[in-house]
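Q: need coordinates for the below:
(one chain, ligands or ions: 1)
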Amino acid sequence: MKRTAIYPGTFDPFTNGHLDVLERALNIFDEVTVVIAENSQKNALFSIDERKAMIVEIISELKGVDVRVLSSGLLADYARQLGATAIIRGVRQVKDFEYEFQMSLLNRHLYPEVTTVFLMPNVKYTYVASSIIREVAMLGGDVSKFVHPCVMDMLDRKRTELHEHKS
Ligand code: PNS
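A: Below is the predicted model:
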């Protein structure tokens with residue numbers, strides 16, 4: 001039987017840290033579905049379609065991965081629907097853990113057959129978070145070491161759009 005996992009997140013945008021976690025997950029699972037979901041506590045810079053297009057390009061060379069969008073409803077229900085037995089989450093620092101612990105136990109309550117698997121990205125990505133990438137990029141800083149070139153292009157485009165909008 002195939003081992004299927006989902007890798008959910010806001011991915012606004014997908015970073016090299018996310019890619020590192022995804023590649024580690026693919027060493028454990030036969031199939032991993034990246035699930036782009038909205039986090040009610042976050043305001044997104046990129047639309048769901050933009051995020052999806054970037055991820056599709058980034059994973060084009062990887063085997064056993066696909067990308068889907070959870071536009072409404074619970075992740076636990078979606079995991080059940082896809083027959084996924086694991087939820088992958090990347091953890092970088094101890095401070096990530098409280099929120100992750102809460103989500104993992106709630107998801108288990110909602111769907112007892114699912115197990116959250118926490119993976120640590122390479123230490124060089126410890127301080128890479130989508131939020132800081134967005135902020136630095138919108139202020140004109142170079143984040144090219146932390147994101148795929150297609151994400152870099154989209155960030156540049158977004159910065160130009162935002163500046164044009166302001167002036
Ligand atoms: O990248 P993020 O923002 O840390 O990802 C959080 C995400 C999107 C995985 C979480 O907010 C989520 O699962 N949202 C879908 C709705 C849901 O099921 N919420 C309850 C989670 S216990």
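Q: going forward, measure contacts and count neighbours with C-alpha atoms only.
A: Will do.
Q: surely Asn122 meets His18?
A: No: between Asn122 and His18 there is no contact under CA atoms under 8 Å: 10.3 Å.
Q: strands of the protein, start to end?
A: 4-9, 31-37, 65-70, 86-90, 115-119 (DSSP state E).
Q: export only the CA atoms of the fourth one, formatted as CSV.
A: Going back to what we said before, that points to strand 86-90. Extracted in CSV, the C-alpha atoms of strand 86-90 (Å, rounded to 0.1, in the frame of the first residue of the first chain):
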residue,chain,number,x,y,z
ALA,A,86,0.3,11.8,7.6
ILE,A,87,0.5,15.6,7.8
ILE,A,88,4.0,17.0,7.2
ARG,A,89,5.0,20.1,9.1
GLY,A,90,8.4,21.7,9.1
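Q: quick one: it to strand 115-119, angle?
A: 30 degrees (axes from the mean of the first three to the mean of the last three CA atoms, to 10 degrees).
Q: ok, the longest one next?
A: Orientation of strand 31-37 against strand 115-119 (the same axes, to 10 degrees) gives an angle of 90 degrees.
Q: ok and strand 31-37 relative to strand 4-9, angle-wise?
A: 30 degrees.
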